[in-house]
Every structure is written in C-alpha cells, then in structure tokens.
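Novice: using only what follows, build the 3D model:
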Amino acid sequence: MSSGATSVRRRAMMGLPSRTTHRGSKHDVQPKSRLPIEVYEEVIDCIASRASFPEIDTSIAQDDADMPVSDQPQLSWRATLVACAFVCRVWRIRALFHLNRDVWLPSRKHVVSLSRHLRRHPDRQAPIEHVFIVKSSADHLSTFAMMLARQLPSLRSLTLVDVDFRTARSLHAGSIRHLSAYPNMTRLELRFVAFETASQFASLLLALPHLRYLACHTVFCLDDQRVMSSSRLPHKNQCEIVVFDSSDEIVDALATLSTILLARKLTYASPTRERHIQQGQQLLDAYGPSLCDVRIDVPELGIREKLDMGHTNCKHPTFHQ
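Specialist: Presented below is the predicted three-dimensional model:
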C-alpha cells in the first residue's frame, strides 16, 4: 500500500476527512446494483453502531468485563467502517458521517492533528459529538482538554478506555479544569481506568459542571486517601450513575460527591458478595433521598435482603441476578 493511501486510512480512523476528493477516480463511481441506496446506508449505520462502545451493562458476564481493550470488537468494526468509506462516493458520505461524529484519539499526536485540522476547517467542528480517548496515559487527556477547548461546540460525550492516570507526567488539576470549556459535555464513561488517587477522579468530575450521566466500569486507584467534600459548584447536577466492579476508593469518592451530584437513577453491580453489600449500601445511603430509580444486579441470592432501601424515594427498585 502506498504511503498516500496509508495516510488517508489513518485520517479516516481518527474521523478526519481525506485531504483528497477522489474527483474523477473510481471512488466517485457508484457501483451498479439492484439494491436501493437506503439499503447500503442502513448496513453502514449498523456497522457504525457496533463501532461505538455500548452503554455499560452491569449484568454482563465477568469474563466479558475482563476482556482486554485490544480484543474489544469495536476496534475491528471501526476498521470496517473506514473500509466502507473507500468503496464509492455514496458509501463514503455515509461512513464519514459516522466517522466524523465519533472521533477516536489513541495518542497525543492525533489530538494535535485534529486541533490543526479544525483550525483550518472551522466548519468541521460542529459534527463531532463523541470523543474516545483509548489506551493511553492521562497526559493525553490533559492535551485534549487544553488544545481542543472551544473547538468542539457540539461535544456531548467523553469516553476514556484503558487510560492510566498513574503514568501521567504532565497532568495537573489546572489542565483538567479546561474540560469545563466544553459546555455541552454531559456524559462521561470510564472503562478500565486507573487513577493514582481518588482525588484525581474527583477532580475529573468537578471539571464537568453539566454532567448528567456517569458510568464507571472497572475503575480503581492505588491510594486509599479519602476525598474531602467540596462545595465549589453552586448547584447540584441531576444525573444517572452506573457503577460496575470498581474499587472501594472510587465508590467512597462518589458517596462524598453526593453533595454535588444529585443522582436520580443508580445502577450498581459488583462480582463479589462482600464488596457488593458494602459498596451498594454506601451508595444508597449517600444518594437515597434523591433516587427515583434503582437497579442492582446481585451476584447471588440473599444480598437483596441485606440492603436497606428504606430511606430512598424509589418505590420499586429492580434486582437482577
């Protein structure tokens, strides 16, 4: 494969349009087919839905939860979506619609490249709604927060996958606070994320004043230092919280931040009985008065009876085994 083709494919994987228009090339030729265009578009839409991480489901099997990020099927589906963009003009338009909406940033150089691209083409800032920061150090997040601030007006969701805050060398609270410059960011998903301290986790949440959805899937930290209650935000955010198989320090930080986060819906699960009872009760105690919807996935019988639901506003909690 030529270097030019390789560059085009790399840009497409990031969600950036190609520098070339393929005018007069075979890519602009619509293949002869008896199928209507809508059928192809529906197929590409299905591929795009698989190329994005689904919402965290606390009822999934533990074997699936432990799957390495490099083996997650979303990566291969993303590559398939990129391949669709090279078939013809019709396919490229539909595939780029999805690739430009969900941008993956696997390294700092991709953040820099995206920033330069958006400065040259301001009209391409608006389509980006969801950013994935995948398999990297938290320094990468710091670069994203500072460099792309105010360049992504439509960004509403940030997903960190396999990000390690413990190896960050240039991360500091000031850089994380730049996330507040994304006014429409209301969703944060953390998957296989390691923090040095729970305070880092708290700082990340405090940097998102409009947070409405928080999901923690296998999130942990090394230091058992507790997070002090904060009143830096003048209002409480009504939000949904999902917690699956995360450490005691993360759950403790979430309980402390109940003075800021007003959880209306709580979904919780842990694969071990002891942790399930302790963490589940801690979250219920912290958010009980504001909870209207509670779903708890229990690993075994008998746990439901050990959880005190009396002080929550949820009349019909849902339990799954």
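Novice: could you use CA atoms for every contact and neighbour count after this?
Specialist: Will do.
Novice: for Ser157, name its beta-bridge partners.
Specialist: For Ser157, the beta-bridge partners under DSSP bridges are His130, Arg187.
Novice: all the strands of the stretch 1-150 of the chain, residue numbers only.
Specialist: Ranges of strands in the stretch 1-150 of the chain, per DSSP state E, counting those that start in this stretch, are 102-105, 130-137.
Novice: columns distance to Glu42 and mean neighbour count on top of those strands, output as a markdown table?
Specialist: Output for the strands of the stretch 1-150 of the chain, formatted as a markdown table (distance: least, C-alpha to C-alpha, whole Å; neighbours: other C-alpha atoms under 10 Å):
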| stretch | distance to Glu42 | mean neighbour count |
| --- | --- | --- |
| strand 102-105 | 18 | 23 |
| strand 130-137 | 21 | 21 |
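Novice: what pLDDT, on average, does stretch 121-140 get?
Specialist: The pLDDT scores in stretch 121-140 average 82.
Novice: numbering from 564 from now on, please.
Specialist: Got it, the first residue is 564 from now on, which makes the last one we talked about stretch 684-703.
Novice: got the CA coordinates for it in CSV?
Specialist: Written as CSV, here are the backbone C-alpha positions of stretch 684-703 (Å, rounded to 0.1, in the frame of the first residue of the first chain):
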residue,chain,number,x,y,z
HIS,A,684,-11.7,24.0,8.7
PRO,A,685,-13.9,25.6,11.4
ASP,A,686,-17.0,24.2,9.7
ARG,A,687,-16.0,20.7,10.7
GLN,A,688,-16.0,21.4,14.4
ALA,A,689,-19.8,21.1,14.9
PRO,A,690,-20.3,17.4,13.7
ILE,A,691,-18.1,16.0,16.4
GLU,A,692,-20.3,14.8,19.3
HIS,A,693,-18.4,11.9,20.9
VAL,A,694,-14.7,11.6,21.7
PHE,A,695,-13.0,8.3,22.6
ILE,A,696,-9.5,8.5,24.3
VAL,A,697,-8.3,5.0,24.1
LYS,A,698,-5.4,3.1,25.6
SER,A,699,-3.1,5.9,26.7
SER,A,700,-1.7,7.8,29.6
ALA,A,701,-3.7,10.6,31.2
ASP,A,702,-1.3,13.1,29.7
HIS,A,703,-3.2,12.5,26.6
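Novice: what lies in contact with that stretch?
Specialist: 632, 663-671, 674, 681, 704, 714-734 (C-alpha atoms under 8 Å, 6 or more residues apart in numbering).
Novice: quick one: the strands of the stretch 564-713 of the chain as TSV, columns for distance to Leu768 too.
Specialist: Output for the strands of the stretch 564-713 of the chain, formatted as TSV (distance: least, C-alpha to C-alpha, whole Å):
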stretch	distance to Leu768
strand 665-668	20
strand 693-700	16
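Novice: quick one: closest of the ones you listed to Leu817.
Specialist: Judged by C-alpha to C-alpha, the one of the strands of the stretch 564-713 of the chain that comes nearest to Leu817 is strand 693-700, at 22.3 Å.
Novice: what's next to the strand or helix carrying Phe755, contact-wise?
Specialist: According to DSSP states H and E, Phe755 maps onto strand 750-758. Residues from elsewhere that reach strand 750-758, judged by C-alpha under 8 Å, 6+ apart: 719-729, 764, 774-785.
Novice: please list the members of those residues that lie in helices.
Specialist: Applying DSSP state H to the contacts of strand 750-758, the entries found in helices are Phe764.
Novice: now the buried members of the contacts of strand 750-758.
Specialist: Using 16 or more other C-alpha atoms under 10 Å as the burial test, those include 719-729, 764, 774-784 as buried.
Novice: show the average pLDDT along the strand holding Phe755.
Specialist: For strand 750-758, the mean pLDDT works out to 92.
Novice: do the same with stretch 855-862
Specialist: So the average pLDDT for stretch 855-862 ends up being 77.
Novice: can I get that stretch in CSV, CA atoms only?
Specialist: Taking C-alpha atoms only, stretch 855-862 is exported to CSV below (Å, rounded to 0.1, in the frame of the first residue of the first chain):
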residue,chain,number,x,y,z
CYS,A,855,-36.2,7.7,41.9
ASP,A,856,-34.9,4.7,40.0
VAL,A,857,-32.6,1.9,41.4
ARG,A,858,-31.3,-1.1,39.6
ILE,A,859,-29.0,-3.6,41.4
ASP,A,860,-27.5,-6.7,39.8
VAL,A,861,-26.8,-9.1,42.6
PRO,A,862,-24.2,-11.9,42.2
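Novice: hang on, Val855 packs against Leu825?
Specialist: Check again: residue 855 is Cys, not Val. No: using C-alpha atoms under 8 Å, Cys855 is not in contact with Leu825, being 10.8 Å away.
Novice: which neighbours do the two have in common?
Specialist: Counting by C-alpha under 8 Å, 6+ apart, Cys855 and Leu825 have no contacts in common.
Novice: of these two, who's got more company?
Specialist: Leu825 (22 against 17; other C-alpha atoms under 10 Å).
Novice: got the angle for the strand holding Phe755 vs strand 693-700?
Specialist: With axes from the mean of the first three to the mean of the last three C-alpha atoms, to 10 degrees applied, the angle from strand 750-758 to strand 693-700 works out at 0 degrees.
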